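**Student:** what's the 3D shape of this:
(one chain, ligands or ions: 2)
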Amino acid sequence: MLSHRSGSAALRLPVIGHNPIRHVYPALLSHQQTKGLTTTTSDLGSTMPPNYVAHVGQLKTFTLPEKAVGSPGDIQMGKDMINAWREDGILQVSMNSKQQDLFNKAFAASKQFFAKSPKQKAVCVDTQSYAGYIASGEEITDGIADYSEIFTVTKDLPLDEPRVEAKWPCHGPCPWPDIDMKAPIQQYMDSLGNSGETLLKMIEYGLSLDPGTLTSLTKDGWHHLRTLRFPQNNNTNGRGKDGRGIGSHTDYGLLVIAGQDDVGGLFIRPPAADEKLENWKKSAAGFREDDDRWVYVPPVPGVFTVFPGDIMQFMTNSYLPSTPHKVGLNTRERFAFAYFHEPSFQAVVSPVAKLYDGKPPDETIHYGTHFTNMFMRNYPDRVTTERILGEDRLKLLDLPELRTQ
Ligand SMILES: O=C(O)CCC(=O)C(=O)O
Ligand SMILES: [Fe+2]
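**Tutor:** Ligands and ions are numbered 1, 2, ... in the order given. Just a heads-up that it's a prediction; the model follows:
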């Protein structure tokens with residue numbers, strides 16, 4: 001189940017544990033330890049932020065093919081991935097050696113950036129895009145400030161780019177602090193862009209969708225990245241208003257490809273028959289933040305964690321629901337990346353008819369509108385939000401050139 005699938009390229013790395021119990025309560029873990037049973041699973045849980053109640057996840061790991069071609073092995077892997085998401089809400093993809101190198105370099109650049117003075121960081125803001133620095137406490141999730149410190153990268157467009165000149169919402173330059181940050185982060189994003197495309201193809205194979213059902217949406221995709229730093233918890237209780245890193249939420253597009261250091265802090269919520277969130281209609285932020293259905297995602301070296309976003313849920317009729325997740329502060333500061341593989345800003349996304357029993361709802365999602373709504377909600381006081389409102393840019397979202405089918 002965890003590690004022993006043969007044949008396809010799935011599950012070669014890493015072997016996480018040998019215990020068939022998928023989710024183990026922390027209480028059970030310490031019990032196991034005292035009895036001298038395997039410590040593999042308990043080791044995974046040992047990094048969990050204090051005072052959180054959660055199962056410890058043992059995630060399935062996949063090694064993506066160099067090139068997805070739709071071979072029987074690819075189709076099988078696509079099915080296995082879909083099963084993993086439907087069961088666990090998240091899976092791991094092993095990094096190849098090139099990606100490991102890019103990940104390390106991007107991480108070093110991110111740490112270097114966050115080590116700059118508050119003043120140096122504060123100037124990395126753009127008035128037209130949401131790219132740039134977000135100070136601890138500036139982001140709002142479900143009405144409460146998050147403690148994360150973030151540098152967001154969106155499509156880096158110069159001021160004379162036609163879409164920027166036309167004042168499309170959220171379009172503008174990325175206010176990089178310097179080339180030391182820009183170069184490694186862009187290379188890292190490009191590499192994840194390739195993995196994202198491969199993952200979308202695997203989903204198309206696994207769900208027997210027409211080729212291009214997902215991948216046609218990502219031409220000129222609005223892929224973006226959040227590089228994150230979480231302060232240590234300073235002995236707060238680690239939960240609620242005083243100690244949370246990011247409140248529970250779902251992300252907005254097709255796929256999230258996340259990476260973290262060895263500290264730990266991410267929790268996700270696996271799909272449940274009695275829970276159906278639709279974040280594009282009603283905010284999923286803050287959803288059941290403090291109950292015990294959360295699964296801790298232990299740091300594992302050499303892997304990304306991947307989960308579906310809102311657009312994937314909408315297209316698949318919740319067959320692949322957008323995975324709720326949250327971040328707790330830990331006893332050490334933590335660094336992480338969240339990369340979002342997205343449709344183009346202009347994409348008008350339709351539901352996949354066969355996943356709606358041939359009767360898809362008469363509903364579409366304009367990705368750019370969804371993105372703009374979400375960012376305005378998260379950053380109500382940011383200069384970018386003020387400018388969108390002040391210049392009445394939202395009305396542009398209805399223009400035909402901002403909407404492709
Ligand atoms: O810190 C993480 O691992 C995930 C961060 C996250 O959920 C986000 O940036 O949307
Ligand atoms: Fe997220």
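**Student:** nearest residue to the most centrally placed residue in the chain in space, ignoring adjacent ones along the chain?
**Tutor:** Residue closest to the average C-alpha location in the chain (CA atoms, centre = their mean): residue 256, at 3.1 Å. For residue 256, ignoring the flanking residues on the chain, the nearest one in space by CB to CB, 6 or more residues apart in numbering is residue 307 at 5.3 Å. Glycine gets a C-beta too; all of them are placed from N, C-alpha and C.
**Student:** so the one you found sits in a helix?
**Tutor:** No - counting by DSSP: H, G, I helix; E, B strand; the rest coil, residue 307 is not part of a helix but strand.
**Student:** can I assume the residue nearest to the centre of the chain sits in a helix?
**Tutor:** No - counting by three-state DSSP, one finds residue 256 to be strand, located in no helix.
**Student:** distance between the ends of stretch 276-288?
**Tutor:** With CA to CA, to the nearest Å as the measure, stretch 276-288 spans 12 Å from end to end.
**Student:** ok, now stretch 249-267?
**Tutor:** 11 Å.
**Student:** show me what counts as buried in that stretch.
**Tutor:** The neighbour-count check on stretch 249-267 (16 or more other CB atoms under 10 Å) flags 249-261, 263-267 as buried.
**Student:** give me the nearest residue to residue 95, chain neighbours excluded.
**Tutor:** With CB to CB, 6+ apart as the criterion, residue 95 has its nearest non-adjacent residue at 5.3 Å, and that residue is residue 302.
**Student:** likewise for residue 131?
**Tutor:** The shortest distance from residue 131 to any non-neighbouring residue, by CB to CB, 6+ apart, is to residue 174 (4.0 Å).
**Student:** could you pull up the residues touching the one you found?
**Tutor:** Applying CB atoms under 8 Å, 6 or more residues apart in numbering to residue 174 gives the contacts 126, 129, 131, 132, 153, 154, 156, 182.
**Student:** helix or strand: which one has it?
**Tutor:** Assigned by DSSP states H and E, residue 174 falls within no helix or strand.
**Student:** equivalent analysis for residue 351, please.
**Tutor:** Going by DSSP H and E, residue 351 is not part of any helix or strand.
**Student:** for it, grab the count of nearby residues.
**Tutor:** Counted with other CB atoms under 10 Å, residues neighbouring residue 351 total 18.
**Student:** swap in the one 3 residues further on?
**Tutor:** Residues near residue 354, counting by other CB under 10 Å, number 14.
**Student:** just to be sure, it is in a strand?
**Tutor:** No - Residue 354 sits outside any strand when classified using three-state DSSP, being helix.
**Student:** could you check how far the nearest residue to it once chain neighbours are set aside is from residue 139?
**Tutor:** Distance criterion CB to CB, 6+ apart; nearest residue to residue 354, sequence neighbours excluded, is residue 209 at 7.8 Å. According to CB to CB, to the nearest Å, residue 209 stands 34 Å off from residue 139.
**Student:** kindly report the same for residue 287.
**Tutor:** Residue 287 sits 17 Å away from residue 139, going by CB to CB.
**Student:** still on that earlier bit, now the buried members of the contacts of residue 174.
**Tutor:** 126, 129, 131, 132, 153, 154, 156.
**Student:** picking that back up, and residue 287 and residue 139? which has more neighbours close in?
**Tutor:** Of the pair residue 287 and residue 139, residue 139 is the one with more neighbours under other CB under 10 Å, namely 21 against 18.
**Student:** ok, for the more buried one, nearest residue in space, not its chain neighbours?
**Tutor:** In space, residue 139 is closest to residue 146, 4.5 Å off (CB to CB, 6+ apart).
**Student:** quick check, the one you found in contact with residue 137.
**Tutor:** Yes - the pair residue 146 / residue 137 is scored as a contact, 7.4 Å apart, by CB atoms under 8 Å.
**Student:** more crowded one of those two?
**Tutor:** More crowded of residue 146 and residue 137, by other CB under 10 Å: residue 146, with 24 against 11.
**Student:** let me see the contact set for the more buried one.
**Tutor:** Residue 146 is in contact with 136, 137, 139, 140, 244, 245, 246, 247, counting by CB under 8 Å, 6+ apart.
**Student:** surely the second one meets residue 145?
**Tutor:** Pointing back at residue 137 there. Yes - Residue 137 is in contact with residue 145 according to CB under 8 Å; the separation is 4.4 Å.
**Student:** strands along the stretch 151-300 of the chain, start to end?
**Tutor:** 224-230, 244-249, 255-260, 266-268, 295-296 (DSSP state E, counting those that start in this stretch).
**Student:** run the angle between the longest one and strand 255-260 for me.
**Tutor:** The one in question is strand 224-230. With axes from the mean of the first three to the mean of the last three CA atoms, to 10 degrees defining the directions, strand 224-230 sits at 30 degrees from strand 255-260.
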